[in-house]
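Engineer: Fold the following.
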Amino acid sequence: MRILVVYGSALGATRGIAERVAATIGSAGLEVDVRSVAESPPVAGYDGFVVGSAVHAGHWLPEAATFVRANRRSLADHPTWLFSSGPVGDQYVTREGPDPAEIDEFRSWIAPRDHRVFAGAHDRSSAQTERLGAVTRFVARRLIPNGDWRDWPAIEAWATGIVRDLTGAARPLVTSGR
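Structural biologist: Residues are numbered from 1 along each chain as shown. So this is what the prediction gives:
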């Protein structure tokens, strides 16, 4: 069974979540590829999909939303899971943030098996902030809290649930334990 994990990440935190999801799925013996939406990965030949995006101002990144829209028929015809990453701050460690604006649209098109919002991370000193526009860079450096709120055990548990759904596995899967 081949699974494609696709992500849109502005500063790298969402990429990290996608990589952890892919590693968890791969550790269960499934073939998994992880790709950025910036690569415009082809969807042919995959049996399932996990698609995620960073969330800025309540929206998925445009390139991630475009990927879903462009591939909605294939995503609708296969098991698909969505995740969002972006709320940062201590208040999001124990509760999910709100759904991004696009999620209801995506639900109506592809009926994903699940959508999960994970707390994100923000590194003000990241060299990647240099590629942001001036206003976004100002906000990123001055107003967004600095830190990492990603809940790795919750992310791995979610990915393990995906594997169980795909394979019908009843036993717990071993994860990285990181």
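Engineer: which regions of this structure sit below the pLDDT cut-off?
Structural biologist: Applying pLDDT under 70 to the chain flags the ranges 87-97, 122-146, 169-178.
Engineer: try 90 this time
Structural biologist: The chain contains residues with pLDDT under 90 at 10-13, 56-58, 86-99, 119-151, 168-178.
Engineer: Could you point out the longest strand of it?
Structural biologist: Using DSSP state E to define each element, the chain has its longest strand at strand 48-56.
Engineer: Centre-most residue in this protein?
Structural biologist: Centroid-nearest residue in the chain: G52, 2.7 Å away (criterion: CA atoms, centre = their mean).
Engineer: which stretches of the chain form helices?
Structural biologist: Secondary structure of the chain, counting by DSSP state H: helices at 13-27, 62-70, 72-76, 103-110, 134-142, 152-167.
Engineer: Show me the one of those that comes nearest G45.
Structural biologist: Nearest of those to G45, taken as CB to CB: helix 72-76 at 10.2 Å. Bear in mind the C-beta positions are built from the backbone N, C-alpha and C, glycine included.
Engineer: Other residues contacting that closest one?
Structural biologist: Residues outside helix 72-76 that contact it (CB atoms under 8 Å, 6 or more residues apart in numbering): V43, A44, F49, V51, V68, F106, W109, I110, A111, P112.
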